[in-house]
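J.: Predicted coordinates and the sequence they were generated for:
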Amino acid sequence: MASDTRMNDVREELVVVPLRHPWRWVSGTVIVLLLAALGWAMSEAQIQWEDVPGFFTHPVMFEGLLNTIVLALAAQGGAIVLGVVVALMRLSANPVARWFAVGYIWLFRGLPVLLQILIWFNLALVFQNISIPGLFSVPTNLVMTTFVAALLGLGLNESAYMAEIVRAGLSSVDEGQTEAAKSIGMTPMTTLRRVVLPQAMRVIIPPTGNNFINMIKGTSMASVIAFTELVHAANNISSRNLEIMETLFAAAAWYLVMVSIASIGQHYLERAYGPR
């Protein structure tokens, strides 16, 4: 009893001291000061902030916005389709198909996107006509427009990355799932569609969403071949009024809007295919 009484006395004398985190306060203060300094610097910058909303809704900017969305969707959609095909070839038992897929990924993933866009845009320098003997012949300049050159450059590069993403997703599904599907008489295509892909989507969707966001921003590289996306639209406007930074900030605002919407869509897609 005496020992219990002493233990109780000791417990009553103990004082709980909360753990202190001084570096949290230091880092938080530094971040706030940096943000305040940035805000002050931007307010003192020689920028006509009142003109930015007008450029944000300028007709030329709207044209660039529409072209950016169409190019990003078309390039990403084509890349997904090509990526799935190349991934299946990469996993094929056919050595010719497998090595073709390896070479395809090596080539289009190894070359810079801007270089690919420029090569496609200047294709007429080496091939004056695109033709199939006895069927048709079309001047390359008529086919290889700025949109087509940007679409090929962005889409083919992205398809190489998508092929690896899809391959990783398909490989993540346990082989026992495929064996079970075969045992109940499912064809390979049915197994892929109803068994493998639904499970692989959990691995495929997150990086695909990130790549689409990069695709939206990557369309800006098409400005070098005078395709009217957001950056080129901003340059067209500023060439008339010399308000370069103002038009670029308006274009930046549209990029942030598009990326924010794409991020929300990615979030809900991940939830739909995530574990329940």
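T.: Received, thanks. Just so it is clear, the model here is predicted, and its values are computed rather than measured.
J.: those helices in the stretch 101-250 of the chain, which residues are they?
T.: Along the stretch 101-250 of the chain, the segments classed as helices by DSSP state H, counting those that start in this stretch run 113-121, 140-143, 146-171, 175-183, 188-191, 197-218, 230-241, 244-273.
J.: As a markdown table, those with mean pLDDT and distance to Q76 would be great.
T.: In short, each C-beta sits where N, CA and C put it, glycine included. Output for the helices of the stretch 101-250 of the chain, formatted as a markdown table (pLDDT from 0 to 100; distance: least, Cβ to Cβ, whole Å):
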| stretch | mean pLDDT | distance to Q76 |
| --- | --- | --- |
| helix 113-121 | 93 | 13 |
| helix 140-143 | 84 | 22 |
| helix 146-171 | 92 | 6 |
| helix 175-183 | 75 | 28 |
| helix 188-191 | 77 | 24 |
| helix 197-218 | 87 | 5 |
| helix 230-241 | 90 | 17 |
| helix 244-273 | 89 | 10 |
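J.: among the ones you listed, which is nearest V32?
T.: Across the helices of the stretch 101-250 of the chain, V32 has its closest neighbour in helix 244-273 (22.3 Å, Cβ to Cβ).
J.: what packs against the closest one?
T.: If contacts are counted by 3 or more Cβ pairs under 8 Å, 6 or more residues apart in numbering; DSSP states H and E, helix 244-273 sits against helix 52-56, helix 59-90, helix 197-218, helix 230-241.
J.: can we see that at 7 Å?
T.: helix 52-56, helix 197-218, helix 230-241 (3 or more Cβ pairs under 7 Å, 6 or more residues apart in numbering; DSSP states H and E).
J.: which one of the ones you listed is the most hemmed in?
T.: Of all those, helix 230-241 has the most neighbours on average by mean count of other Cβ atoms under 10 Å, namely a mean of 20.
J.: neighbouring contacts of that helix?
T.: Applying Cβ atoms under 7 Å, 6 or more residues apart in numbering, the contact partners of helix 230-241 are 55, 58, 60-61, 63-65, 68, 220, 223, 226, 244, 247-248, 250-251, 254-255.
J.: Could you turn the buried ones of these into a ChimeraX selection?
T.: Selection of buried members from these for ChimeraX, criterion 16 or more other Cβ atoms under 10 Å:
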select :55,58,60,61,63,64,65,68,220,223,247,248,250,251,254,255
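J.: how near is H267 to A101?
T.: Here H267 is placed at a distance of 31 Å from A101 (Cβ to Cβ, to the nearest Å).
J.: between these two, which one's more packed in?
T.: When neighbours are counted by other Cβ atoms under 10 Å, H267 and A101 differ, and A101 comes out ahead with 22 against 11.
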